[in-house]
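Peer 1: sequence plus the predicted model coming up.
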Amino acid sequence: MFTGIVEEIGTVKQVRRGRHSAVLDIQAQKVLEDLKIGDSIAVNGVCLTVVSFGKQNFSADVMHETLNRSALIQLKGGSHVNLERAMPADGRFGGHIVAGHVDGVGKIIQTKRDDTAVWYTVQAVPEILRYIVEKGSITIDGISLTVAKVMEDAFSISAIPHTVQVTVLNERRVGDCVNLETDIIGKYVEKLLMPQDAVSGKDVPERKKQELTREFLSECGF
(Lines give C-alpha, C1' and ligand atoms only; values in the text may rest on other atoms or scores of the structure.)
Protein backbone atom coordinates (compact mmCIF):
# COMPACT_ATOMS: atom_id res chain seq x y z
CA MET A 1 0.00 0.00 0.00
CA PHE A 2 1.10 3.56 -0.75
CA THR A 3 0.00 7.03 0.33
CA GLY A 4 0.48 9.10 -2.82
CA ILE A 5 3.27 11.19 -1.28
CA VAL A 6 6.04 11.08 -3.91
CA GLU A 7 9.52 10.53 -2.43
CA GLU A 8 11.59 11.48 -5.45
CA ILE A 9 11.68 11.81 -9.20
CA GLY A 10 13.55 9.00 -10.94
CA THR A 11 14.88 8.82 -14.50
CA VAL A 12 14.20 5.95 -16.87
CA LYS A 13 17.58 4.81 -18.17
CA GLN A 14 16.32 2.04 -20.42
CA VAL A 15 13.11 0.31 -21.47
CA ARG A 16 13.64 -3.28 -22.56
CA ARG A 17 10.54 -4.27 -24.48
CA GLY A 18 9.32 -7.80 -25.00
CA ARG A 19 6.46 -8.96 -27.19
CA HIS A 20 3.80 -8.08 -24.62
CA SER A 21 5.82 -6.87 -21.64
CA ALA A 22 8.73 -4.65 -20.67
CA VAL A 23 11.49 -4.19 -18.12
CA LEU A 24 12.14 -0.70 -16.76
CA ASP A 25 15.62 0.31 -15.60
CA ILE A 26 15.24 3.40 -13.41
CA GLN A 27 17.91 5.62 -11.88
CA ALA A 28 17.07 6.71 -8.33
CA GLN A 29 18.58 7.57 -4.94
CA LYS A 30 16.21 7.81 -1.99
CA VAL A 31 14.08 4.73 -2.75
CA LEU A 32 17.26 2.62 -2.92
CA GLU A 33 18.21 3.27 0.71
CA ASP A 34 16.68 0.11 2.19
CA LEU A 35 15.65 -1.68 -0.99
CA LYS A 36 15.39 -5.46 -1.30
CA ILE A 37 14.54 -7.80 -4.16
CA GLY A 38 10.78 -8.25 -4.22
CA ASP A 39 9.98 -4.86 -2.70
CA SER A 40 7.20 -2.76 -4.20
CA ILE A 41 7.76 0.70 -5.66
CA ALA A 42 5.05 2.88 -7.18
CA VAL A 43 6.28 4.19 -10.53
CA ASN A 44 3.97 6.99 -11.69
CA GLY A 45 1.37 5.40 -9.43
CA VAL A 46 1.79 1.85 -10.72
CA CYS A 47 2.89 -0.74 -8.15
CA LEU A 48 5.90 -2.60 -9.59
CA THR A 49 8.08 -5.29 -8.05
CA VAL A 50 11.85 -4.79 -7.89
CA VAL A 51 13.63 -7.67 -9.65
CA SER A 52 17.18 -6.31 -9.41
CA PHE A 53 19.00 -3.19 -8.25
CA GLY A 54 22.40 -1.54 -8.00
CA LYS A 55 23.88 1.48 -6.25
CA GLN A 56 22.10 3.96 -8.49
CA ASN A 57 19.26 2.09 -10.16
CA PHE A 58 16.65 -0.63 -9.94
CA SER A 59 14.76 -2.75 -12.47
CA ALA A 60 11.13 -3.82 -12.52
CA ASP A 61 9.03 -6.00 -14.79
CA VAL A 62 5.90 -4.56 -16.40
CA MET A 63 3.39 -7.18 -17.51
CA HIS A 64 0.96 -7.06 -20.43
CA GLU A 65 -2.07 -6.07 -18.32
CA THR A 66 -0.18 -3.15 -16.77
CA LEU A 67 0.95 -1.81 -20.14
CA ASN A 68 -2.63 -1.99 -21.43
CA ARG A 69 -4.09 -0.18 -18.42
CA SER A 70 -1.53 2.54 -17.80
CA ALA A 71 0.55 5.27 -19.39
CA LEU A 72 3.78 3.36 -18.63
CA ILE A 73 3.74 2.18 -22.24
CA GLN A 74 4.77 5.73 -23.23
CA LEU A 75 7.95 5.73 -21.14
CA LYS A 76 11.34 5.84 -22.87
CA GLY A 77 14.93 6.51 -21.97
CA GLY A 78 15.18 9.90 -20.26
CA SER A 79 11.57 9.97 -19.05
CA HIS A 80 11.08 11.20 -15.50
CA VAL A 81 8.85 9.23 -13.13
CA ASN A 82 7.37 9.70 -9.67
CA LEU A 83 8.67 7.14 -7.16
CA GLU A 84 7.30 6.02 -3.80
CA ARG A 85 8.19 3.02 -1.67
CA ALA A 86 5.44 1.00 -0.02
CA MET A 87 4.28 2.58 3.24
CA PRO A 88 5.96 1.16 6.39
CA ALA A 89 3.65 0.01 9.19
CA ASP A 90 4.96 2.75 11.48
CA GLY A 91 4.98 5.49 8.85
CA ARG A 92 2.93 8.68 8.60
CA PHE A 93 -0.21 8.57 6.48
CA GLY A 94 0.29 11.83 4.61
CA GLY A 95 -1.94 11.20 1.60
CA HIS A 96 -4.72 8.62 1.22
CA ILE A 97 -5.02 4.86 0.65
CA VAL A 98 -3.31 4.13 -2.69
CA ALA A 99 -3.10 0.55 -3.92
CA GLY A 100 -0.90 1.21 -6.94
CA HIS A 101 -3.47 -0.56 -9.11
CA VAL A 102 -4.25 1.99 -11.81
CA ASP A 103 -7.89 2.19 -12.95
CA GLY A 104 -7.04 3.69 -16.31
CA VAL A 105 -5.54 6.61 -18.19
CA GLY A 106 -6.76 10.20 -18.35
CA LYS A 107 -5.72 13.06 -20.63
CA ILE A 108 -4.83 16.58 -19.54
CA ILE A 109 -7.06 18.97 -21.49
CA GLN A 110 -6.31 22.23 -19.69
CA THR A 111 -3.78 23.82 -17.34
CA LYS A 112 -3.99 27.29 -15.84
CA ARG A 113 -2.35 29.30 -13.08
CA ASP A 114 -4.40 30.63 -10.18
CA ASP A 115 -2.04 32.92 -8.26
CA THR A 116 0.56 30.43 -6.94
CA ALA A 117 -1.49 27.28 -7.62
CA VAL A 118 -1.80 25.40 -10.90
CA TRP A 119 -5.09 23.89 -12.04
CA TYR A 120 -5.06 20.71 -14.11
CA THR A 121 -8.21 19.51 -15.87
CA VAL A 122 -8.15 15.83 -16.78
CA GLN A 123 -10.51 14.08 -19.18
CA ALA A 124 -11.57 10.57 -18.16
CA VAL A 125 -14.04 7.88 -19.16
CA PRO A 126 -17.36 7.43 -17.30
CA GLU A 127 -16.15 4.19 -15.70
CA ILE A 128 -13.53 6.20 -13.82
CA LEU A 129 -15.47 9.43 -13.29
CA ARG A 130 -18.25 7.60 -11.42
CA TYR A 131 -15.85 7.16 -8.47
CA ILE A 132 -14.54 10.73 -8.48
CA VAL A 133 -16.27 13.19 -6.13
CA GLU A 134 -15.63 16.84 -5.36
CA LYS A 135 -13.28 17.23 -2.36
CA GLY A 136 -12.51 13.51 -2.56
CA SER A 137 -9.11 11.97 -3.25
CA ILE A 138 -7.61 11.03 -6.63
CA THR A 139 -4.20 9.70 -7.56
CA ILE A 140 -2.61 11.20 -10.69
CA ASP A 141 0.67 9.55 -11.70
CA GLY A 142 1.05 8.37 -8.12
CA ILE A 143 0.37 11.78 -6.53
CA SER A 144 -2.33 12.04 -3.87
CA LEU A 145 -4.47 15.04 -4.82
CA THR A 146 -7.82 16.55 -3.85
CA VAL A 147 -10.54 16.84 -6.47
CA ALA A 148 -11.61 20.48 -6.82
CA LYS A 149 -14.32 20.12 -9.47
CA VAL A 150 -16.10 17.33 -11.34
CA MET A 151 -17.66 17.82 -14.78
CA GLU A 152 -19.53 15.54 -17.18
CA ASP A 153 -16.42 14.16 -18.87
CA ALA A 154 -13.53 15.53 -16.79
CA PHE A 155 -12.36 16.68 -13.37
CA SER A 156 -9.98 19.32 -12.05
CA ILE A 157 -7.41 19.50 -9.28
CA SER A 158 -5.50 22.49 -7.92
CA ALA A 159 -1.86 21.75 -7.05
CA ILE A 160 0.32 23.85 -4.74
CA PRO A 161 3.75 24.96 -6.05
CA HIS A 162 5.62 22.45 -3.86
CA THR A 163 3.70 19.49 -5.30
CA VAL A 164 4.32 20.67 -8.85
CA GLN A 165 8.03 21.21 -8.25
CA VAL A 166 8.81 17.85 -6.60
CA THR A 167 6.78 15.66 -8.99
CA VAL A 168 6.45 15.12 -12.72
CA LEU A 169 3.38 17.40 -12.73
CA ASN A 170 5.93 20.09 -13.54
CA GLU A 171 6.45 18.43 -16.94
CA ARG A 172 2.83 17.65 -17.76
CA ARG A 173 1.26 19.61 -20.61
CA VAL A 174 -2.09 19.65 -22.43
CA GLY A 175 -2.47 16.41 -24.37
CA ASP A 176 -0.32 14.33 -22.01
CA CYS A 177 -1.74 11.07 -20.64
CA VAL A 178 -1.62 10.35 -16.91
CA ASN A 179 -2.29 7.31 -14.73
CA LEU A 180 -5.45 7.52 -12.62
CA GLU A 181 -6.40 5.58 -9.50
CA THR A 182 -9.67 6.47 -7.79
CA ASP A 183 -10.35 6.16 -4.08
CA ILE A 184 -10.59 2.43 -3.37
CA ILE A 185 -13.22 2.90 -0.63
CA GLY A 186 -15.88 3.94 -3.15
CA LYS A 187 -15.35 0.78 -5.18
CA TYR A 188 -15.72 -1.46 -2.14
CA VAL A 189 -18.89 0.33 -1.02
CA GLU A 190 -20.41 -0.13 -4.49
CA LYS A 191 -19.50 -3.82 -4.48
CA LEU A 192 -21.05 -4.40 -1.05
CA LEU A 193 -24.29 -2.71 -2.12
CA MET A 194 -24.57 -5.09 -5.10
CA PRO A 195 -24.51 -8.61 -3.52
CA GLN A 196 -23.48 -11.51 -5.74
CA ASP A 197 -24.33 -15.15 -5.71
CA ALA A 198 -21.62 -16.90 -3.69
CA VAL A 199 -21.30 -19.72 -6.23
CA SER A 200 -21.70 -18.09 -9.65
CA GLY A 201 -20.33 -14.67 -8.77
CA LYS A 202 -23.13 -13.07 -10.81
CA ASP A 203 -25.23 -10.16 -9.57
CA VAL A 204 -28.42 -11.20 -7.83
CA PRO A 205 -31.19 -9.73 -10.09
CA GLU A 206 -33.72 -8.94 -7.37
CA ARG A 207 -31.13 -7.00 -5.33
CA LYS A 208 -29.16 -5.45 -8.14
CA LYS A 209 -31.11 -2.17 -7.87
CA GLN A 210 -31.23 -2.11 -4.07
CA GLU A 211 -31.55 1.46 -2.81
CA LEU A 212 -29.73 2.69 0.26
CA THR A 213 -32.63 3.52 2.60
CA ARG A 214 -33.07 4.02 6.35
CA GLU A 215 -34.88 0.65 6.51
CA PHE A 216 -32.08 -1.14 4.63
CA LEU A 217 -29.43 0.27 6.98
CA SER A 218 -31.53 -0.68 9.99
CA GLU A 219 -31.86 -4.27 8.73
CA CYS A 220 -28.07 -4.43 8.40
CA GLY A 221 -27.52 -3.31 11.99
CA PHE A 222 -26.73 0.37 11.43
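Peer 2: Nice, thanks for sending it over. The model shown is predicted, which means the values in this text are computed figures rather than measured ones.

Peer 1: residue nearest the centroid of this protein?
Peer 2: E181 (3.6 Å; C-alpha atoms, centre = their mean).

Peer 1: three-state assignment of it?
Peer 2: strand (DSSP: H, G, I helix; E, B strand; the rest coil).

Peer 1: I'd guessed it sits against G106; true?
Peer 2: No. Counting by C-beta atoms under 8 Å, G106 is not a contact partner of E181; they are 10.5 Å apart. For every residue, glycine as well, the C-beta is placed using N, CA and C.

Peer 1: circling back to that earlier point, okay, and the beta partners of the residue nearest to the centre of the chain?
Peer 2: Taking DSSP bridges as the rule, E181 bridges to T139.

Peer 1: pLDDT value on it, please?
Peer 2: Predicted confidence (pLDDT) for E181: 98.

Peer 1: need phi/psi at K187.
Peer 2: The phi/psi pair for K187 (degrees, to the nearest 10) reads phi -70, psi -40.

Peer 1: show me the contacts for the closest residue to it other than its chain neighbours.
Peer 2: Spatial nearest neighbour of K187, chain neighbours left out: Y131 (6.2 Å); criterion: C-beta to C-beta, 6 or more residues apart in numbering. By C-beta atoms under 8 Å, 6 or more residues apart in numbering, the contact list for Y131 reads 103, 182-183, 186-187, 190.

Peer 1: return the helix or strand in the chain with minimum mean pLDDT.
Peer 2: Every helix and strand in the chain was compared by mean pLDDT, DSSP states H and E; the lowest is helix 214-219, with a mean of 76.

Peer 1: give me the element the residue nearest to K187 is part of.
Peer 2: According to DSSP states H and E, Y131 maps onto no helix or strand at all.

Peer 1: next one, pLDDT for it please.
Peer 2: Looking at Y131, its pLDDT is 95.

Peer 1: against F155, how distant is it?
Peer 2: According to C-beta to C-beta, to the nearest Å, Y131 stands 11 Å off from F155.

Peer 1: same check on E33?
Peer 2: Using C-beta to C-beta, we find E33 at a distance of 35 Å from F155.

Peer 1: what about those two, which has more around it?
Peer 2: Neighbours per residue (other C-beta atoms under 10 Å) separate E33 from F155, with F155 holding more: 24 against 9.

Peer 1: A strand includes that one, no?
Peer 2: Yes. Under three-state DSSP, F155 sits within a strand.

Peer 1: report the beta-bridge partner residues of the nearest residue to I26 once chain neighbours are set aside.
Peer 2: Distance criterion C-beta to C-beta, 6+ apart; nearest residue to I26, sequence neighbours excluded, is G10 at 4.6 Å. For G10, the beta-bridge partners are V81 (DSSP bridges).

Peer 1: tell me, how many residues neighbour G10?
Peer 2: Neighbourhood size, G10 [other C-beta under 10 Å]: 25.

Peer 1: identify the residues contacting it.
Peer 2: G10 makes contacts with 26-28, 31, 43, 80-83, as judged by C-beta under 8 Å, 6+ apart.

Peer 1: quick one: which of the residues you listed has the most company?
Peer 2: Taking other C-beta under 10 Å as the neighbour criterion, V43 ranks highest of the contacts of G10 with 29 neighbours.

Peer 1: quick check: closest non-adjacent residue to it.
Peer 2: Once flanking residues are discounted, V43 sits nearest to V81: 5.2 Å by C-beta to C-beta, 6+ apart.
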